[in-house]
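Visitor: sequence unknown, structure follows:
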């Protein structure tokens, strides 16, 4: 659907005001409907024990590669608590979640709901129970949920947040997102919102929405890109299989009694992306070198680049390349920690072959600057007008597992090697065009304990 200049300007103006605004153009600009999601859970039937799993995401084939199609609309709400009566609040939240689940199946066509809890909640409201039951990371010899930290390429001003809770809400239908927001925030009254973070994925939307919002460099985004930086990140082989990030699956975590069996860890951050620097300073081959690994040959302007288990880079390969040309690729460096180093049989008997991806990404494009709304706009440096970025959401078996992945992105490899480059150097993956503004780690309980975990103890 074509829009007039006046309609485009109106959309950009709404985004500048921090309202849903520009995101209401998502469905009008998408050009075609999303592939149909196929539910694996009967409507009204039992849900999976994991609340972070979203069923029925379609898979399409692009350039011979299977690509998962994420939900079109995304909303993350971060919040603190309004000094609740925990027992009462627990039941109220669960009732609200159940009411939403009775209306929407757990697919992109319906509604995905994930409730994640920050360390401040556990330390303030249930410290003794948390100390007894928090899963323990065997490899790191630390709790599976750690305080949020910064990384070498983060700017000095990166804010380490201390929210009690984060709500991840996903759907192909914007009205479903808004229904969930109203139910969990307006009607329930348990949470004091700290931020609203909105965004979208796929359908040629990155280019169209960025152009509509007047973002610098928007016209440089390739047509049909899933993300602002042009390459598709949701190929099936590059995402962790369904249960691999569960605390119990890979044996990395001691469940200490099993209260959090079926749960996982979630990291949330916001990152600005410099589109002009990316597309004007890097030609296509250098973008491939930067996003994947130096010297990788792919068809000109390809957006889907195979990243299956047999194509994974090792720490030794990354180091040899760096020693030769003082450069390493984003995917190559992270694969040294994010892919299985050997075949592994999960707790339930599932075989995960060497090179299988572990993290499950759920990130999405945003025009927030840096959020759609903030309770503390001065602290969060909220600015009017749209900006290209990503709300990065990823599930890992523990905080330490995420930290290892993120350190590898900065050249700190799991074998102890550190590839010496300045934090924003051009040879260091994406880091020269990214700027992280906020970070926080969360624990995602299993579905049965998603509402005020440990409060009953």
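Guide: Ah, there it is. It should be emphasised that the depicted structure is a prediction, and the values quoted were computed from it without experimental measurement.

Visitor: ok now stretch 324-341, how far from the chain's centre?
Guide: Mean-position distance between stretch 324-341 and its chain equals 20 Å (Cα atoms, centre = their mean, to the nearest Å).

Visitor: ok, now stretch 50-67?
Guide: With Cα atoms, centre = their mean, you get 15 Å for stretch 50-67.

Visitor: go on, stretch 358-373?
Guide: The chain centre lies 6 Å from the centre of stretch 358-373; the measure is Cα atoms, centre = their mean.

Visitor: which residue comes closest to residue 409 once chain neighbours are left out?
Guide: residue 334 (5.5 Å; Cβ to Cβ, 6 or more residues apart in numbering). To be clear about C-beta, it is placed using only N, CA and C from the backbone, and glycine gets the same treatment.

Visitor: what lies in contact with the helix or strand containing the one you found?
Guide: Using DSSP states H and E, residue 334 maps to helix 330-338. The contact list for helix 330-338 (Cβ atoms under 8 Å, 6 or more residues apart in numbering) reads 290-293, 307, 312-315, 317-318, 321, 357-359, 401, 404-405, 407-409, 411, 413-415, 419, 429-430.

Visitor: out of those residues, which are buried?
Guide: 290-293, 307, 312-315, 318, 321, 357-359, 401, 404-405, 407-409, 411, 413, 419, 429-430 (16 or more other Cβ atoms under 10 Å).

Visitor: can you pull out the helices in the chain?
Guide: For the chain, the helices defined by DSSP state H occupy 5-16, 26-29, 86-103, 119-125, 127-133, 174-181, 205-213, 275-281, 284-291, 315-325, 330-338, 399-409.

Visitor: out of the ones you listed, which is closest to residue 49?
Guide: Closest of those to residue 49 is helix 86-103, at 14.0 Å (criterion: Cβ to Cβ).

Visitor: any weak-confidence spans in the stretch 351-457 of the chain?
Guide: Judged against pLDDT under 70, the stretch 351-457 of the chain has no low-scoring part.

Visitor: same thing but 80
Guide: Scanning the stretch 351-457 of the chain for pLDDT under 80 picks out 423-424, 429.

Visitor: how about the stretch 151-300 of the chain?
Guide: 203.

Visitor: one more time with 90, if that's ok
Guide: In the predicted model of the stretch 151-300 of the chain, residues 202-204 satisfy pLDDT under 90.

Visitor: tell me where the stretch 301-450 of the chain has strands.
Guide: 344-345, 351-352, 360-361, 364-366, 373-374, 389-396, 434-444 (DSSP state E, counting those that start in this stretch).

Visitor: quick one: residues in contact with stretch 205-216.
Guide: 3, 8, 11-12, 15, 22-23, 25-26, 29-30, 72, 200, 217-219, 221-223, 225-228, 275-276, 365, 367, 385-388.

Visitor: select only the buried ones of those in PyMOL?
Guide: Typed into PyMOL, the line below selects the buried ones among the contacts of stretch 205-216, using 16+ other Cβ under 10 Å:
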select buried, resi 8+11+12+15+22+23+25+26+29+30+72+200+217+218+221+222+225+226+227+228+275+365+367+386+387+388
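
Visitor: thinking again about what came up before, need the strands of the stretch 301-450 of the chain in JSON lines (columns: distance to residue 454).
Guide: Below are these laid out as JSON lines (distance: least, Cβ to Cβ, whole Å):
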{"stretch": "strand 344-345", "distance to residue 454": "30"}
{"stretch": "strand 351-352", "distance to residue 454": "30"}
{"stretch": "strand 360-361", "distance to residue 454": "24"}
{"stretch": "strand 364-366", "distance to residue 454": "30"}
{"stretch": "strand 373-374", "distance to residue 454": "29"}
{"stretch": "strand 389-396", "distance to residue 454": "20"}
{"stretch": "strand 434-444", "distance to residue 454": "10"}
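
Visitor: could you identify which of those is most buried?
Guide: Of all the strands of the stretch 301-450 of the chain, strand 364-366 has the most neighbours on average by mean count of other Cβ atoms under 10 Å, namely a mean of 26.

Visitor: what is it packed up against?
Guide: strand 191-200, helix 205-213, strand 389-396 (3 or more Cβ pairs under 8 Å, 6 or more residues apart in numbering; DSSP states H and E).

Visitor: nearest to residue 254, of the ones you listed?
Guide: strand 389-396 (16.2 Å).

Visitor: quick one: strands adjacent to that closest one?
Guide: Using DSSP bridges, the strands paired with strand 389-396 in its sheet are strand 264-273 (antiparallel), strand 360-361 (antiparallel), strand 364-366 (antiparallel).

Visitor: if we can go back for a sec, so which of the strands of the stretch 301-450 of the chain is nearest residue 254?
Guide: Proximity to residue 254 (Cβ to Cβ) singles out strand 434-444 among those, at 14.6 Å.

Visitor: compute the inter-axis angle for that closest one and strand 191-200.
Guide: With axes from the mean of the first three to the mean of the last three Cα atoms, to 10 degrees defining the directions, strand 434-444 sits at 130 degrees from strand 191-200.

Visitor: what helices or strands is strand 434-444 leaning on?
Guide: So strand 434-444, by 3+ Cβ pairs under 8 Å, 6+ apart, packs with strand 112-118, helix 119-125, strand 159-160, strand 264-273.

Visitor: one more pass at 10 Å, please.
Guide: strand 73-81, strand 112-118, helix 119-125, strand 159-160, strand 165-171, strand 264-273, strand 389-396, helix 399-409 (3 or more Cβ pairs under 10 Å, 6 or more residues apart in numbering; DSSP states H and E).

Visitor: residue 165: neighbouring residues, count only.
Guide: Applying other Cβ atoms under 10 Å, we find 22 residues neighbouring residue 165.

Visitor: please report how far it lies from residue 440.
Guide: Counting by Cβ to Cβ, to the nearest Å, the gap from residue 165 to residue 440 is 11 Å.

Visitor: if we can go back for a sec, need the helices of the chain in CSV with distance to residue 78, can you?
Guide: Formatted as CSV, those follow (distance: least, Cβ to Cβ, whole Å):
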stretch, distance to residue 78
helix 5-16, 20
helix 26-29, 22
helix 86-103, 16
helix 119-125, 11
helix 127-133, 20
helix 174-181, 13
helix 205-213, 23
helix 275-281, 26
helix 284-291, 29
helix 315-325, 34
helix 330-338, 25
helix 399-409, 17
